[in-house]
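**Student:** Requesting a structural model of the entry that follows:
(3 chains)
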Amino acid sequence: MEEIYCPLCGKPNPAENKFCDFCLAHLKPPEGGLPEPDAVQFPGIDNNQDGLGSHASDSEVPSWLSEIEGEDQGETDQLAEPEPESRKSDEPISDWMTGISEAEESDSLSSDETLPSGAIPPVDPFLYGQEVPASDNLPEWLNEALEEEEPPEVVDPDIWAEPSPHVSGEPDTPQEDLTPTKPIDESTESLENAGPLAGLKGALSAEPGVARARIPAAYSTKLKVTANQRAHVDLMKTLIEDEDQPLPLPRRGAISQQHVLRWVIALVLLMVVLWPVVTASQQMPYPSYDEGSAEVNRLINQLPENERVLVGFDYEPGLAAELDATGDPVIDHLMSQEALLTLVSTSPTGPILAERFITETQADHEYINGENYVNLGYIPGGAAGLQSFFGNPQGTLPYSIDRSSAWGSESQDALPALAGINQITDYAMVILLVDDPDVARTWIEQLGPSIIDPEVLTSFVLIASAQLEPVIRPYFESSPQPVNGMVVGLRGGAAYSRLTESDGIPREYWDAFGMGAFVAALLILVGGLGYYVIPELSSIVQDQGKT
Amino acid sequence: MRNLAYTAIAIAVGLVVLVGYFLQLELLVNLRLVLLEWATLLVAVALLVGVINLLSVHWRKSTSDNKNRVNSIALIVAMVITLGVAGYFGPTHPYSLWIFNYIQIPIEGSLMAILAVVLIYAGVRLLRRKPNLLSIVFIATAVVILLMTGPLFGIDIPGLAELRIWIGKVPAVAGARGILLGVSLGIIAAGLRILIGADRPYGGN
Amino acid sequence: MNSLSILGLIFVGIFFGLMITSAVFLRQREGLILREISAFARLQRAIGLAVEAGSRLHISLGRGHMLSTQSGIGYVGLSILGRIARSTSISDRPPIATSGEGTLGILTQDTQRDAAKNLGVEFDPVRGRITGLSPYSYSAGTLSLIEEEDVGANMLIGSFGSEVGLITEAAERSESMTLGGTDNLSGQAVLFASAQEPLIGEETYAGGAYLGVGPMHIASLYAQDILRWVLIGLIVIGAIIKLLGSL
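**Tutor:** Residues are numbered from 1 along each chain as shown, chains lettered A, B, ... in the order given. Alright, predicted model coming up:
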């Protein structure tokens, strides 16, 4: 990106900037030369602060320079330097300033012949690394000396010219602040009339430095600071000192508005859910029909007695309440068909949940471990483990959870639930109780290709948490179906209970669930609107109060 | 050199499993099954490593001046008791089931109940935090699904049940499919990066 | 080998080809432009602020099985962890990573150890923790960690279910920033409502590219984008053909 350097602070700025980002000085000359002092106003800076008078030549210089000059005036006055005759009060303060003001229009001027009499010629910039021209205006010895010496590091008199590459953010040497030497106009040169240089024109006079004795200027060692600057210094000092002081964080209230809101939600929800439980209310009607549940019901009805079924218990204890209620009527129906069950899980807690479900939730059926069902336990390895189990069930899970040899050996028969099972498609049905969409997808993707094979008679059914519906529905509705039926959420369980005319866990939960869902919807709707609208209204009211 | 060997092994195993899935060559399929069984065993061992890690972190916390060291001590004691009971009597013994039924399920059920409150609270604050069209659609969908999933006191609001079914079958499924397609592409990308050795989570990056 | 397998193999092959082509293309080109995802911009700022404020950065990698489809998001999380660990491990309070699965826990520690070794700093194994091995125990373990470790920013990149709501709630209570992305649909819905900066769908998989993990992450992101548009085109064409067929 092209950059230009600030003539005042020397820092780089983007080329399109008019003002310096750091000191707010003008970066480019305004059209038509330098602005009139009135036109140059820096934000926040009063050109005539603290009652300091402006310089006599204010009409020629920018106001920031006038200020500097104004402040220096007191000191410069003490020098009692005689004003050169050629310099009038309305002339520029220095030569290079003239160069600035006339730089644009006098680019083509190279010799003083074209200048009006008495005018100071424009100065070509002295740039680092640039060869100094052997100007006619300079004495030969000076030209030679300049060629021998390093180019002087001086500020480009044309402050708006392109910066030289060496210009950095900070001035390198104090010399950079110096006014460049000017070629001397021959017309103003004086003829030496005494001493060894007699007769020479333009020789350097020894007199001004040697003969003109004067008392050295008395410079004050005190820093001259205006009241305004003092105020700023004090402010800066305070700011820096405050940096070291650790500010105590505002103490959070023990009870905030958010705490109250959480408590209100929790209490309302608890009361609403507890009410039907306490009153043992079972009045709310079951849902009328559910396509997925009806399909599962049809598939289980078609199962012959003592058919082998694989049941996966892939849910977490936290969702046991939902999955127990959803799966209860289905497994109850399955057990009433006297199906022989193989229980597996890809979750570490799954085998215990499975055991609990069969022995406690379905205790009425009096299923016996090893006879009516076998719990093969945990399949580690997620999808890879599942793939391994589907490909080689005996090799992956050779023992049941109670450490008995489940698949049999030469001396021992396989357990009844596993008799005749060599691969996954030997099961008449695979049922998965699942609460995680990823786990459900893994089962479907691993088992799906076998299920859609027209030669395979195994059906695959999902009993899933309500949150899974968007994930599993596409598999159920696609053709061919990798999922043959699904019972989703307590609603699906309730619909299944209606089909089998059973009053299991769904009946106990249905009223409380209905009340809870209704109040949750109401809380979100009313609370959300209130939480959004009330602060908006109060801010409007506050604004009106202020105005 | 060692890292090179790791990378070579990882790439070779990955390729065998990937190609073995698509090409049903007997040698490849058998090799793939063996590798999967090894992986399954390793994951089971990793589960044990996880338990040891959990134990070591809390052991360190319980022996330090941590203000919550009591929690760590409680965790270690509970872990030792459960391991002892399930290890000695077996995971399906009534004692093990008692711990499961009366400690683990209530604790996780309580967390689920807290989650219900947290989600309602998040729903309430959503409009305030992100007042945009997406949030309005989100809230409206949540409200319709909640209302129509339950029995709604037996009241039949015309069109609302059909709206719930439509949301469940069309926008929700379409959105889920779209997201899953994106996720699947991401999974393939991540897998391929591992296969070509661009990502080396097994060290040596 | 059935037609589905052939299709799958072709698809993976095309993806691989696109990734390599993108990598070559990117090598020749400078000044890469990625679509702005505000979550990552904010995360980078939050990382800086957390390091400056002396608070800890928490990276949660979820509980996805490394041998399942959840491994994809797990690897993305590990790459990001490695990247963040390399840039913040020398701070007073290096980042802490949590996971809820054994294999992922081992890889988490390995990634952090690798980063520490590269920087020549000592690795403390406690910085890579398994906080629980079931979804809810994992969340419960992470809740207390957020409070105890004075976490300034949380990055949840991994496989999370709805239980992630408990973690975002804890982060909100501790007034720390939360960025969350998961491959799990329920988790995404919860994160949308509760996280400050949720990542939707494949945005999570772009994390590596946005956080400067490596050029192959950007190349794979290009390949994903191209194939996503191809899939969109195929779906639309298929739908039109089906519609015309039913007329």
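
**Student:** CA only for contacts and neighbour counts going forward, please
**Tutor:** Noted.

**Student:** Please name every helix or strand in contact with the longest helix that chain B contains.
**Tutor:** Ranked by residue count under DSSP state H, the longest helix found in chain B is helix B:26-62. For helix B:26-62, the packing partners by 3 or more C-alpha pairs under 8 Å, 6 or more residues apart in numbering or on different chains; DSSP states H and E come out as helix A:382-391, helix B:2-22, helix B:69-89, helix C:102-119, strand C:128-130.

**Student:** try it again with 10 Å
**Tutor:** Here helix B:26-62 touches helix A:382-391, helix A:393-396, helix B:2-22, helix B:69-89, helix C:102-119, strand C:128-130, going by 3 or more C-alpha pairs under 10 Å, 6 or more residues apart in numbering or on different chains; DSSP states H and E.

**Student:** Show the contacting residues for B:Ala46.
**Tutor:** By C-alpha atoms under 10 Å, 6 or more residues apart in numbering or on different chains, the contact list for B:Ala46 reads A:Pro380, A:Gly381, B:Thr40, B:Ile52, C:Glu101, C:Gly102, C:Thr103, C:Leu104, C:Gly105, C:Ile106.

**Student:** how near is the nearest residue to A:Ile424 once chain neighbours are set aside to A:Glu355?
**Tutor:** Leaving aside its sequence neighbours, A:Ile424 sits nearest to A:Phe390 (C-alpha to C-alpha, 6 or more residues apart in numbering or on different chains; 5.4 Å). Separation of A:Phe390 from A:Glu355 (C-alpha to C-alpha, to the nearest Å) stands at 22 Å.

**Student:** rewinding a little: need the helices and strands packed on helix B:26-62 in CSV (columns: mean pLDDT).
**Tutor:** What follows is the helices and strands packed on helix B:26-62, written out as CSV (pLDDT from 0 to 100):
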stretch, mean pLDDT
helix A:382-391, 84
helix A:393-396, 86
helix B:2-22, 82
helix B:69-89, 91
helix C:102-119, 88
strand C:128-130, 90
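
**Student:** For B:Leu36, find the nearest of the ones you listed.
**Tutor:** With C-alpha to C-alpha, the closest approach to B:Leu36 among those belongs to helix A:382-391: 5.9 Å.

**Student:** Buried residues, the closest one. List them.
**Tutor:** Burial within helix A:382-391, assessed by neighbour count using 16 or more other C-alpha atoms under 10 Å in any protein chain shown, is assigned to A:Gly382, A:Ala383, A:Ala384, A:Gly385, A:Leu386, A:Gln387, A:Ser388, A:Phe389, A:Phe390, A:Gly391.

**Student:** what would these look like in a markdown table with distance to B:Phe153?
**Tutor:** Putting these into a markdown table (distance: C-alpha to C-alpha, whole Å) gives the following:
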| residue | distance to B:Phe153 |
| --- | --- |
| A:Gly382 | 42 |
| A:Ala383 | 42 |
| A:Ala384 | 46 |
| A:Gly385 | 45 |
| A:Leu386 | 43 |
| A:Gln387 | 45 |
| A:Ser388 | 48 |
| A:Phe389 | 46 |
| A:Phe390 | 45 |
| A:Gly391 | 49 |
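
**Student:** If we only consider the residues you listed, which is nearest to chain C?
**Tutor:** Of all the buried residues of helix A:382-391, chain C sits closest to A:Ala383, with 4.5 Å by C-alpha to the nearest C-alpha.

**Student:** what about the nearest residue to that closest one once chain neighbours are set aside, which SS state?
**Tutor:** Sequence neighbours aside, C:Ser68 is the residue nearest to A:Ala383 in space, at 4.5 Å (criterion: C-alpha to C-alpha, 6+ apart). In three-state terms, and counting by DSSP: H, G, I helix; E, B strand; the rest coil, C:Ser68 is coil.

**Student:** C:Ser68 contacts A:Thr346, doesn't it?
**Tutor:** No: under the criterion of C-alpha atoms under 10 Å, C:Ser68 makes no contact with A:Thr346, lying 11.1 Å away.

**Student:** shared neighbours, the two?
**Tutor:** A:Gly381, A:Gly382, A:Ala383, A:Gly385, A:Leu386, A:Val439.

**Student:** Relative to chain B, how far out is the last one?
**Tutor:** When distance is defined by C-alpha to the nearest C-alpha, to the nearest Å, A:Val439 is 14 Å away from chain B.

**Student:** out of the contacts of B:Ala46, which are buried?
**Tutor:** A:Pro380, A:Gly381, B:Thr40, C:Glu101, C:Gly102, C:Thr103, C:Leu104, C:Gly105, C:Ile106.

**Student:** just those residues now: which is nearest C:Ala50?
**Tutor:** Using C-alpha to C-alpha, the buried ones among the contacts of B:Ala46 come closest to C:Ala50 at C:Gly105, 23.9 Å.
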